[in-house]
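A.B. asks: sequence-free structure coming up:
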């Protein structure tokens, strides 16, 4: 009976040591996963910064386009007003020479 008990104790001890090894492996794996997740989070942060910058650039381009349209319209209005002023001043559509 003591022989049987000793064998059972040996089995329990071997299983405990296997469990300790498994826990150590799990800790290493979790540590590696944490490092990889940190790198992924950093990469996502950089992607977010790029997207925000791109959105800012798109907004800037939209403002420049709108400004150029407004400026073009104002120049056309100024040309018409100038032509009307010239006609009112000289009675001709051509600039006097």
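C.D. replies: It's in. Because the structure is a prediction, the values reported are computed rather than measured.

A.B. asks: Count residues in the vicinity of residue 14, would you?
C.D. replies: Other residues within reach of residue 14, judged by other C-beta atoms under 10 Å, total 10. Where you see a C-beta, it was placed from the backbone N, CA and C, and this is true even at glycine.

A.B. asks: show me the contacts for the spatially most central residue of the chain.
C.D. replies: In the chain, the residue lying closest to the centroid (C-alpha atoms, centre = their mean) is residue 48, at 1.9 Å. Contacts for residue 48 (C-beta atoms under 8 Å, 6 or more residues apart in numbering) come out as none.

A.B. asks: Quickly find the element holding it.
C.D. replies: Using DSSP states H and E, residue 48 sits within helix 2-90.

A.B. asks: tell me how far that helix is from the chain's mean position?
C.D. replies: 4 Å (C-alpha atoms, centre = their mean, to the nearest Å).

A.B. asks: any idea of the mean pLDDT in it?
C.D. replies: Averaging pLDDT along helix 2-90 gives 89.

A.B. asks: which residues touch the closest residue to residue 83 other than its chain neighbours?
C.D. replies: In space, and not counting its chain neighbours, residue 83 is closest to residue 93: 6.8 Å by C-beta to C-beta, 6 or more residues apart in numbering. The contact partners of residue 93, taken as C-beta under 8 Å, 6+ apart, are 83, 86, 87.
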